[in-house]
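J.: Okay, predicted coordinates and the sequence, questions at the end:
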Amino acid sequence: VPPHVSFWESIVHPEDLPRVRQALEDHLEGRTTIYRCENRLRTKSGAWRWNLDRGKVVEWDGEGRPLRMVGADTDISDRKQVEEALLDSEAQLRAFLESASQGLVAVNGAGRIEMVNAKTEEMFGYARQELLGQPVELLLPERLEAIHRQHRARYFSAPGARPMGTGLELSGRRKNGQEFPVEIGLSYIRTKDGILAMGLITDITERKQADDALRASEQRLRLMVENLPAGAVYVEGESLFSNRATEEITGYKRSELRTLDEWFRALYGDSQQAVRELYEADRQAGFPTPRTVPMTRKDGQVRFVQF
């Protein structure tokens, strides 16, 4: 992506371009403290998506003219879909909410739940009427209620489209008290009664269980490989990982042989190019048969090894 405003202007929807240019000019001329604009952008595939642009000038020349600006953009297409549904009709909004495959909760500025969809009922075990008008913290573990109220107040003071708790493990609480892992995307809509925060909730229990099982499996495999009596080497791209027995066979510490280049250079010396060509040919063929080659240890001893 070319780092120049002309590129962004070239992919902005023609109907939005005057507004984008005006917002940018207002900021560059110092009439606004930050640049902020919602507009449609053309993606690489040619499709249009709604985008929230935010940025700020961070460097000026000696005459006070802006030299450099930094910022970020956020895909707000989902939020725009909700807003458009609201503008169309309440019935269309209800249909949109009910058809969502994820839980959707709308919360007002007082932290009270105003809307939920069927997936939310299914996910948390509450009937809809049990949730409407209740504090949204009802859906959180008790230990998180106080801190969430603080975060909620900050969100309403500066609403935006973003994931909740980036880098944190989030949990929901079912009616029966059971906790479960979730991911939550935040957005908002403006209504005649004020801002509604929209939370899009995904139950990631199965994914987390699969991740935990994969990590446990990888840990068991690492332990098995580490304790093998034979040398074991794992190659990923140009990176190389080996076990304890490999150190004993080569005489080199693992930290000394971290890449394929280091491996071939240290162990095969003048023959490294020829041995590497054999290795690459066998690798592409799926190592059909073991190949025996001479290898020089760190202490100068020559050993014959197979790969």
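T.: Okay, I see it. Everything quoted here is computed from the prediction, not taken from an experiment.
J.: Confirm residue 50 sits in a helix?
T.: No. The assignment for residue 50 is strand, going by DSSP: H, G, I helix; E, B strand; the rest coil, so no helix is present there.
J.: my read: it touches residue 77, true?
T.: Yes. At 4.7 Å, residue 50 counts as touching residue 77 under the criterion of C-beta atoms under 8 Å. In short, each C-beta sits where N, CA and C put it, glycine included.
J.: between these two, who's got more neighbours?
T.: Of the pair residue 50 and residue 77, residue 50 is the one with more neighbours under other C-beta atoms under 10 Å, namely 21 against 16.
J.: Could you give the number of residues near the closest residue to that one other than its chain neighbours?
T.: Counting by C-beta to C-beta, 6 or more residues apart in numbering, residue 50 lies nearest to residue 80, which is 4.1 Å off, once chain neighbours are set aside. Applying other C-beta under 10 Å, we find 19 residues neighbouring residue 80.
J.: Ramachandran angles for residue 80?
T.: Note on residue 80: backbone dihedrals following degrees, to the nearest 10 are phi -70, psi -40.
J.: quick one: it and residue 48 touch, right?
T.: No. With contact defined as C-beta under 8 Å, residue 80 does not count as touching residue 48 (10.6 Å).
J.: could you check the distance from the residue nearest to residue 50 over to residue 301?
T.: 69 Å (C-beta to C-beta, to the nearest Å).
J.: residues of stretch 264-276 that come out buried?
T.: Going by neighbour count (16 or more other C-beta atoms under 10 Å), the buried part of stretch 264-276 is 264, 266, 267, 268, 275, 276.
J.: ok, then the element right after the one helix or strand residue 25 maps to?
T.: In this structure, residue 25 sits in helix 17-28 according to DSSP states H and E. Using DSSP H and E, the next helix or strand after helix 17-28 towards the C-terminus is strand 35-42.
J.: just checking, what packs against that following strand?
T.: With contacts defined as 3 or more C-beta pairs under 8 Å, 6 or more residues apart in numbering; DSSP states H and E, the packing partners of strand 35-42 are helix 5-11, helix 17-28, strand 48-60, strand 66-75.
J.: Which parts of that strand count as buried, going by neighbours?
T.: 35, 36, 37, 38, 39, 40, 41.
J.: could the residues you listed go into JSON lines alongside pLDDT?
T.: Formatted as JSON lines, the buried residues of strand 35-42 follow (pLDDT from 0 to 100):
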{"residue": "35", "pLDDT": "91"}
{"residue": "36", "pLDDT": "91"}
{"residue": "37", "pLDDT": "91"}
{"residue": "38", "pLDDT": "92"}
{"residue": "39", "pLDDT": "92"}
{"residue": "40", "pLDDT": "93"}
{"residue": "41", "pLDDT": "93"}
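J.: now for the residues you listed, which pair is the farthest apart?
T.: For the buried residues of strand 35-42, the maximum inter-member distance is 16.9 Å, found between 35 and 40 (C-beta to C-beta).
J.: Give me the neighbour count for residue 32.
T.: 14.
J.: Quickly note the distance from it to residue 26.
T.: Plainly put, residue 32 is 5 Å away from residue 26 if you go by C-beta to C-beta.
J.: for residue 126, same thing?
T.: 46 Å.
J.: Neighbour count: these two, which is higher?
T.: Comparing residue 126 with residue 26 by neighbour count (other C-beta under 10 Å), the higher total belongs to residue 126, at 19 against 14.
J.: Surely the more buried one and residue 172 touch.
T.: No. Counting by C-beta under 8 Å, residue 126 stays clear of residue 172, with 11.2 Å between them.
J.: now the buried residues of stretch 264-276 as TSV including secondary structure and pLDDT?
T.: Putting the buried residues of stretch 264-276 into TSV (DSSP: H, G, I helix; E, B strand; the rest coil; pLDDT from 0 to 100) gives the following:
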residue	secondary structure	pLDDT
264	helix	91
266	helix	93
267	helix	93
268	helix	92
275	helix	90
276	helix	90
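J.: For the residue nearest to residue 194 when sequence neighbours are not counted, identify the helix or strand it belongs to.
T.: Once flanking residues are discounted, residue 194 sits nearest to residue 109: 5.3 Å by C-beta to C-beta, 6+ apart. Counting by DSSP H and E, there is no helix or strand that carries residue 109.
J.: Now do the contacts for residue 109.
T.: Contact partners of residue 109, counting by C-beta atoms under 8 Å, 6 or more residues apart in numbering, are 156, 194, 195.
J.: Which one (most neighbours) among those?
T.: Neighbour counts for the contacts of residue 109 (other C-beta under 10 Å) peak at residue 156, which has 18 neighbours.
J.: That one is in contact with residue 196, isn't it?
T.: No. Here residue 156 lies out of contact with residue 196, judged by C-beta under 8 Å, at a distance of 9.9 Å.
J.: contact partners of stretch 290-303?
T.: Counting by C-beta under 8 Å, 6+ apart, 249-252, 266-269, 271, 275, 278, 282, 304-307 sit against stretch 290-303.
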